[in-house]
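Chemist: this is the structure alone, sequence omitted:
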């Protein structure tokens, strides 16, 4: 009986897992140590627009710590979607597929335990045949007891090329898009290997002429589970409202986004 | 007026709570150096190395959370994960055990 009790205690408390990457949309300030490596597989589902649109995006990320609080990663991105488009009253089905490459640099400024709060600078560029995208983030996080708070300020600049057939010629139209985002996330450590919380995401799009087009607010529950050397984070983000309009914005944003990140640490 | 005082009171209490909970990582002093017979510069370096090598997978644990012998065991377990050599491990341990739970 006593042995059984000890065994049960060992099973329950012996496996102390520790991993503090808790969210899928919101970043935390931590960086990998020198020559520490991690592979992450991202899957984002976007569904529920006006035009029966559904898109899936995958990112395969290889992260490596460079030492001196610096980390870099390389991403291979693959996105595909399908939806109905209308042109002069004629409907057709549009399939989109895109491949791209991204490279990220992250520099940790302060530590969320050693300092009053954690902070990091983040820069990422993405290249594809039609698009060049630049993204910068300011990352803040803080651990208080069993809870973690994280906050990000994000700016994105995308330069796009669109090939449009006009008669028997092809015209190239260039576009520029600016996005400003705010992310907040909260997690509560239920057990050493399980955290539950939520993420809030506010995305603001600006047109080429700097017109503020929309301000979409999404929020939903998040979960983080880890085993020794593996972890898995999942968030459901239904759209709550468009702060610049009335009701939901469903022509370029979806009713629901969901993201899963699976990672292997080695 | 009453509600303003109440709001100010709540803000004050919350600030104190956040300040108290956000127990920062303790900085070694000359007293610790004397007590442990380790140069203060080594203890300070140990704190820096602890911050630099031990906070990538999990947030840092506060030194006062574990006893000296528990730290010995944990840091030995973590050495491979943190990819640190024996010298670095010793310096980190010097800091952690100087500030460990009794």
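Modeler: Yep, that arrived. Since this is a predicted model, take the numbers as computed values, not measurements. Numbers count the residues shown, from 1 in each chain, chains lettered A, B, ... in the order given.
Chemist: please report how far residue B:79 lies from chain A.
Modeler: 12 Å (CB to the nearest CB, to the nearest Å). For glycine as for every other residue, the C-beta is placed from the backbone atoms N, C-alpha and C.
Chemist: can you get me a residue count around that residue?
Modeler: 17 (other CB atoms under 10 Å in any protein chain shown).
Chemist: next one: phi and psi at it?
Modeler: When read as degrees, to the nearest 10, the backbone of residue B:79 gives phi -50, psi -50.
Chemist: which residues touch the closest residue to it other than its chain neighbours?
Modeler: Nearest in space to residue B:79, with sequence neighbours left out and distances taken as CB to CB, 6 or more residues apart in numbering or on different chains, is residue B:89 at 5.2 Å. Residues near residue B:89 by CB atoms under 8 Å, 6 or more residues apart in numbering or on different chains: B:75, B:76, B:79.
Chemist: can you confirm residue B:89 is in a helix?
Modeler: Yes: if the criterion is DSSP: H, G, I helix; E, B strand; the rest coil, then residue B:89 is within a helix.
Chemist: flag the shaky bits of chain B, pLDDT-wise.
Modeler: B:1-5, B:7-23 (pLDDT under 70).
Chemist: close to chain A: what parts of it are there?
Modeler: B:18, B:21-22, B:24-25, B:47, B:51-53, B:55-60, B:62, B:82-83 (CB under 8 Å from any CB of the partner chain).
Chemist: can you give me phi and psi for residue B:64?
Modeler: Residue torsions, per degrees, to the nearest 10, at residue B:64 are phi -70, psi 0.
Chemist: burial count for the nearest residue to it once chain neighbours are set aside?
Modeler: Among residues not flanking residue B:64 along the chain, residue B:101 sits closest, at 5.3 Å (CB to CB, 6+ apart). If you count neighbours by other CB under 10 Å, residue B:101 ends up with 12.
Chemist: who's residue B:101 bridged to?
Modeler: residue B:67 (DSSP bridges).
Chemist: with residue A:205 instead?
Modeler: Beta-bridge partners for residue A:205, by DSSP bridges, are residue A:179, residue A:214.
Chemist: I figured it hits residue A:213, correct?
Modeler: Yes: Residue A:205 is within contact range of residue A:213, at 4.6 Å (criterion: CB atoms under 8 Å).
Chemist: higher neighbour count, the two?
Modeler: Using other CB under 10 Å as the criterion, residue A:205 and residue A:213 rank with residue A:205 on top: 20 against 17.
Chemist: and the more buried one, how far is that from chain B?
Modeler: Taking CB to the nearest CB as the measure, residue A:205 falls 34 Å from chain B.
Chemist: residues in contact with that residue?
Modeler: By CB under 8 Å, 6+ apart, the contact list for residue A:205 reads A:177, A:178, A:179, A:212, A:213, A:214, A:252.
Chemist: go with 7 Å
Modeler: A:177, A:179, A:213, A:214 (CB atoms under 7 Å, 6 or more residues apart in numbering or on different chains).
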